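Asker: sequence first, then the predicted structure:
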Amino acid sequence: MAMGHDHDTSNIPEGETISGDPIDSTLWAHIFIQMLAFGILFPVGMVLGMIKSRWHVPLQVLATVIALLGFALGHMHGGREFAESNVHSAFASTLFFQMVVQVVIGIYLKLHLEKGINGRIRPVIRIIHSINGKLFPVVSWTQMLFGGITTLGFCQGDHLGQCLAHFIMGSAFIAYGICLTILLLVGQLWLRRTGRSQEFFDSVVIAAWGCVNTFTEHRWGTAWVRNDWQHTTMGIIWWCAGLAGVWLSRARDGSPKRNFIPGFVIMVTGWAMSAHPQDLPISAMTHKMFGYTLMAAGVTRIIEISFVVKDKVGISESGYDTHSFQYIPVFLLYASGFLFMGATEEQMNLVAAAGLDHVAYILILYSLAFLLFLFTNMLIYLYDRVANADNIAANAPAPEGHIRLNGRPREDARLRDAEEFELDGLMTDDEDEEQAQRKKLLNQEEGGLSSPSTVGRNSDRIA
């Protein structure tokens, strides 16, 4: 929602950032159009670009046009008024600048200018285009969060610190879930090529994040309160456990080794979060459910590593097979992220004032987690079906009783079996015998195509 236009802000109460007016239809149209463009079309276009699809450019052009339409609607709305100095308006300039840069670079690459200096700078431009395109969903996610915060007038004054903690940590859990989804479905072979276990990378991030939390969760020079103690000690256990996880990620011979440390850290973090003191009953129940969900993610992660894949990268050497249990810890991270982002003080006050109980609210957040989980799997499927088409065909099991030619089942044999099944029971005994003789002769003819010594015999038999 770009609110950089000149609107009358006289109806905004002193000390607030929004007026009490309802959201009008123009602003609702802006919200849904931008969600369509930045939340769906641009990510799909990014994947199409990664697989070099001919639909990449048309879809990105369509998404850009829709985004510009939404930008215009954000300047034309009535109803609720917003303070001019809001984070969503300020960040909109960065988002659209990145979009324009991406479009310009895309046009340059489409011209295929490869002579002279263009031949030297083109590889660099392609790298910039690739990195910028992959960062775009992250920037879009940030802007959509800013849009929701600005619309409701949240995260102002003393609430800013808590908002930052909830939205950053919640987004981190979701990002972790997305990374695990990618590694589970298309990243197992890449992990083997790195010579590192997945817990090595997880533990490095956990240790780094713990160092940051250790020194930033308390305002130094002020009195310590109970939440400061909990957040700071949580940061300490993160970097301590992260270092242990890095050490355990190598076997005695130096080969990659799986370990339980990241799952255990997630479980302990969930336990600590479930015990946070809260003022409102609905806030306490939401935080408790968040903690339980995170604990379940950690426990199921440990079970997956120890008993499902049995300390291996995956359940098969091909790297393309998954176990249904492996999706459980991944999805629970999505759900944990949405639960934590939806548990700020201002959101809890809003939900309580609306008369919504904690059960309905938690189910809504779980529903959002399922939608993002589904969309992520769809994007990975779109990429995988093209980028790994040969490997998928080679590893797909052949129908029972059939052989493969160049990795594909024999379609003529399949069709012949289907015809025999449909005609079964409709033939007389004489017709059955005649059909059996024809089938035997046909099989011998097929064998003769690869065996020259049978050509003469087959010809005599046909005569």
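Answerer: Nice, I can see it.
Asker: quick one: low-confidence parts of the stretch 201-350 of the chain?
Answerer: Nowhere does the stretch 201-350 of the chain drop to pLDDT under 70.
Asker: go again using 90 as the cut-off
Answerer: 212-232, 273-279, 316-321 (pLDDT under 90).
Asker: can you pull out the helices in it?
Answerer: According to DSSP state H, counting those that start in this stretch, the stretch 201-350 of the chain carries its helices in the segments 226-248, 261-274, 281-303, 327-341, 345-353.
Asker: who wins for proximity to residue 83 among those helices?
Answerer: helix 345-353 (16.1 Å; CB to CB). C-betas here are computed from N, CA, C, even on glycine.
Asker: going by neighbour count, list what's buried in the next helix or strand after that closest one.
Answerer: Sequence order places helix 358-387 as the next helix or strand after helix 345-353, per DSSP states H and E. In terms of neighbour count (16 or more other CB atoms under 10 Å), helix 358-387 has its buried residues at 358, 361-362, 365-366, 368-369, 372-373, 376-377, 379-380, 382-384.
Asker: what's the spacing between residue 207 and residue 245?
Answerer: In this view, residue 207 and residue 245 are 8 Å apart by CB to CB, to the nearest Å.
Asker: er, residue 73 I mean
Answerer: 48 Å.
Asker: please identify which of these two sits among more neighbours.
Answerer: Ranked by neighbour count (other CB atoms under 10 Å), residue 73 and residue 245 place residue 245 first, with 26 against 21.
Asker: tell me how many other residues crowd the closest residue to residue 274 other than its chain neighbours.
Answerer: Nearest-residue entry for residue 274: residue 291, 2.4 Å, with adjacent residues in sequence omitted and distances by CB to CB, 6 or more residues apart in numbering. Residues contacting residue 291 under the criterion other CB under 10 Å number 22.
Asker: who's in contact with residue 241?
Answerer: 203, 206-207, 210, 261, 264-265 (CB atoms under 8 Å, 6 or more residues apart in numbering).
Asker: can you redo the residues you listed as JSON lines with distance to residue 301 and neighbour count?
Answerer: Converted to JSON lines, these look like this (distance: CB to CB, whole Å; neighbours: other CB atoms under 10 Å):
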{"residue": "203", "distance to residue 301": "13", "neighbour count": "26"}
{"residue": "206", "distance to residue 301": "13", "neighbour count": "27"}
{"residue": "207", "distance to residue 301": "17", "neighbour count": "19"}
{"residue": "210", "distance to residue 301": "18", "neighbour count": "20"}
{"residue": "261", "distance to residue 301": "10", "neighbour count": "22"}
{"residue": "264", "distance to residue 301": "9", "neighbour count": "18"}
{"residue": "265", "distance to residue 301": "10", "neighbour count": "26"}
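Asker: okay if I get the helices of the stretch 201-350 of the chain as CSV plus distance to residue 30?
Answerer: Shown next, in CSV, are the helices of the stretch 201-350 of the chain (distance: least, CB to CB, whole Å):
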stretch, distance to residue 30
helix 226-248, 36
helix 261-274, 35
helix 281-303, 29
helix 327-341, 22
helix 345-353, 21
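Asker: out of these, which is closest to residue 170?
Answerer: helix 327-341 (3.3 Å).
Asker: contacts for the closest one, please.
Answerer: 145, 166-167, 169-178, 180-181, 184, 263, 266, 270, 273, 286, 289-290, 293-294, 296-298, 300-301, 304, 362, 365-366, 368-370, 372-373.
Asker: are any of these buried, and which?
Answerer: Using 16+ other CB under 10 Å, the buried ones in the contacts of helix 327-341 are 145, 166-167, 169-171, 173-174, 176-178, 180-181, 184, 263, 266, 270, 273, 286, 289-290, 293-294, 296-298, 300-301, 304, 362, 365-366, 368-369, 372-373.
Asker: about what we covered before: residue 119: which of the buried residues of helix 358-387 is nearest?
Answerer: residue 383 (29.4 Å).
Asker: for the residue lying closest to the closest one once chain neighbours are set aside, which residues are in contact?
Answerer: Using CB to CB, 6+ apart and skipping the chain neighbours, the partner closest in space to residue 383 is residue 47 (5.1 Å). Residue 47 makes contact with 379, 382-383, according to CB under 8 Å, 6+ apart.
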